[in-house]
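Visitor: Mind looking at a prediction? Sequence and model below.
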Amino acid sequence: MSNDIDNKDNEINDSENSLDEIKNNKDHDHKDTEYEDICYLCRRPESKAGKMMHIPNNICICGDCMQKTFDTFNKGDNPYIQFMGVDPNMFKLNGFTRIQPKTQKVKKKNPDTEKSPSFDRKKVPAPHIIKGKLDEYVIGQEYGKKVISVGVYNHYKRVGAEKSKNIEIEKSNMLMIGPTGSGKTYLVKTLAKLLDVPLAITDATTLTEAGYIGDDVESVLSKLLQAADNDVERAERGIVFIDEIDKIAKKRNTNSRDVSGEAVQQGLLKLLEGSQIEVPVGATSKNAMVPLTTINTENILFICGGAFPDLDKIIKARLNKQSSIGFKADLKDKYDNDPNILQKVTVDDLREYGMVPEFLGRLPIVFSLEGLSRDMLVRILQEPRNAIIKQYQELLAMDEVELKFTKEALEIIAEKALEKKTGARALRTIIEEFMLDIMYEIPKDDNIGSVTITREYLEGTGGPVIAMRGIDNPTSQKSITV
């Protein structure tokens, strides 16, 4: 009985204490209503931010900041969720589950791979097979395709061969020089389709010295690791193509530190030579929230490419020094109209352009691509597997309309492209211009069966030849100005 009485007394005391707490809280809330709540994140008062949400420790958060927090969790590129080990699949939006890629996880190394050969060089096709595949996509550039085919084949023979005690085969990186629109990047992209190896294509214009705004040189390898699905062993046998390499040439007449020129060349030396590089996983820059892994660049093939504008002037100045007085003297303007002047480039010309000797020494294979002529541009229009004309023919075929080009029309397009001096890129610009009205007007009439682009239409003196469906007599075709 005494225990029951004591328990009832305790319950009465607790109820009285709870009533006191409620009263005190009401008094406290009444006092707090005299002041505006301030958002803990954006520091805006309640009068500007709106109604606040209260969380423990007397923290207030406005609706905008709360929504931004939810959006951060819902996005797929949040490194904090992945770093803390939180399963991102638990976050759902509008009933759909967002499956996040595990971009910051590195595949484990198989201990049995040390006993077995790491790479089967027999899977890499022979040079003539590689060049034959490149011929289906790239017109001309016979020397360039032969050089890159032999270089890739020899590189993977070196990677797959057992190490010899007597002879150690060194890596042969390549430097590809060619005018704009000659097919440098397209050549490497086509090569990526043919080889079952990871390939990363990056741009040298964004690279700066470590510690400055921009990407550091390790970001080149982070893209290769991403292309290899974060498999370090597979990435160490890949190919890296660094485009616009001429943009990191040494700057002339500058008194400030050259953080995007010579400093980048110095930073790339360790990558080209072969060394152990710490690379961020799932990001392009190093920070405290991104894990790091080590990649050995000894077996990574580096291909550098660039247009090198004004390099032809340096080559002409060197060649014109050979001019002298006499019957065998060369004319000063002998090389002014030479479209393939870049094929006469030497290492000394590249050094004068602004490339440091240590950088050039790690690129032993230097070759140039040819400038595009009118005949080559005509072939580019129609012969490659994904030629520009074939693309437009496929678009009109979806409307059951046949697109044709006369031989004279193709020559006019090539001549206009040469005047723009931007290589094969000018072809699409010209075709887009005169195909605009045709692509707009043809879907209006379902009776049109074929369209023929003529020389007169391109010169502005006539229109394309339109043929109606079911009419095979050429005399019934009529010229319509679109």
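Guide: Sure, I can see it. Just so it is clear, the structure is predicted and the values come from calculations on it, not from any experiment. Numbers count the residues shown, from 1 in each chain.
Visitor: On the C-terminal side of the helix or strand bottoming out on mean pLDDT in the chain, identify the next helix or strand.
Guide: Sorting the helices and strands of the chain by mean pLDDT, DSSP states H and E puts strand 96-97 at the bottom, at a mean of 38. Sequence-wise, the next helix or strand downstream of strand 96-97 (DSSP states H and E) is helix 127-135.
Visitor: Show me the contact partners of that following helix.
Guide: Residues from elsewhere that reach helix 127-135 (C-beta atoms under 8 Å, 6 or more residues apart in numbering): 125, 145-146, 148-150, 152-153, 187, 190-191, 194-195. Placement of C-beta: from N, CA and C, glycine included.
Visitor: In this structure, where is pLDDT below threshold?
Guide: Residues of the chain meeting the criterion pLDDT under 70: 1-33, 73-121, 162-165, 210-212, 214, 253-256, 283-289, 322-336, 470-482.
Visitor: Domain parsing of it, as residue ranges.
Guide: Following automatic domain parsing, the chain resolves into domains at 15-97, 117-368, 374-479.
Visitor: Kindly present those as a markdown table, with separate columns for mean neighbour count.
Guide: As requested, the domains of the chain are exported to a markdown table (neighbours: other C-beta atoms under 10 Å):
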| stretch | mean neighbour count |
| --- | --- |
| domain 15-97 | 12 |
| domain 117-368 | 17 |
| domain 374-479 | 16 |
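Visitor: sorry, back to before: out of the contacts of helix 127-135, which are inside helices?
Guide: 145-146, 148-150, 152-153, 187, 190-191, 194 (DSSP state H).
Visitor: Show me which of those is closest to residue 280.
Guide: Proximity of the ones in helices among the contacts of helix 127-135 to residue 280 (C-beta to C-beta) peaks at residue 191, which lies at 26.7 Å.
Visitor: Straight-line length of stretch 440-458, end to end?
Guide: 17 Å (C-alpha to C-alpha, to the nearest Å).
Visitor: Distance from that stretch to the middle of the chain?
Guide: 37 Å (C-alpha atoms, centre = their mean, to the nearest Å).
Visitor: ok, which stretches of the stretch 351-482 of the chain are helices?
Guide: 357-361, 374-382, 388-397, 407-420, 425-441, 455-459 (DSSP state H, counting those that start in this stretch).
Visitor: ok, and the closest non-adjacent residue to residue 179?
Guide: residue 371 (5.3 Å; C-beta to C-beta, 6 or more residues apart in numbering).
Visitor: can you check residue 299 too?
Guide: That would be residue 159: by C-beta to C-beta, 6+ apart, it lies 4.8 Å from residue 299.
Visitor: what's in contact with the helix or strand containing that neighbour?
Guide: Following DSSP H and E, one finds residue 159 within helix 142-160. Under the criterion C-beta under 8 Å, 6+ apart, residues 117-122, 124-128, 130-131, 134-135, 138, 169, 171-172, 174, 176, 178, 187, 191, 195, 197, 237, 239, 299, 301, 303, 365, 367-370 lie in contact with helix 142-160.
Visitor: coming back round to it: surely the residue nearest to residue 179 is in contact with residue 340?
Guide: Yes - applying C-beta atoms under 8 Å, one finds residue 371 in contact with residue 340, separated by 5.7 Å.
Visitor: what about dumping the CA coordinates of the helix or strand where residue 272 lies to PDB?
Guide: For residue 272, the element it lies in under DSSP H and E is helix 262-273. Included here for helix 262-273 are C-alpha records, laid out as PDB according to Å, rounded to 0.1, in the frame of the first residue of the first chain:
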ATOM      1  CA  GLU A 262      55.900  26.800 -70.100                       C
ATOM      2  CA  ALA A 263      54.800  25.700 -66.600                       C
ATOM      3  CA  VAL A 264      52.300  23.300 -68.100                       C
ATOM      4  CA  GLN A 265      54.900  21.800 -70.400                       C
ATOM      5  CA  GLN A 266      57.100  21.200 -67.300                       C
ATOM      6  CA  GLY A 267      54.300  19.600 -65.500                       C
ATOM      7  CA  LEU A 268      53.600  17.200 -68.400                       C
ATOM      8  CA  LEU A 269      57.100  15.900 -68.400                       C
ATOM      9  CA  LYS A 270      56.600  13.400 -65.600                       C
ATOM     10  CA  LEU A 271      53.400  12.100 -67.300                       C
ATOM     11  CA  LEU A 272      55.100  11.600 -70.700                       C
ATOM     12  CA  GLU A 273      58.200  10.000 -69.400                       C
END
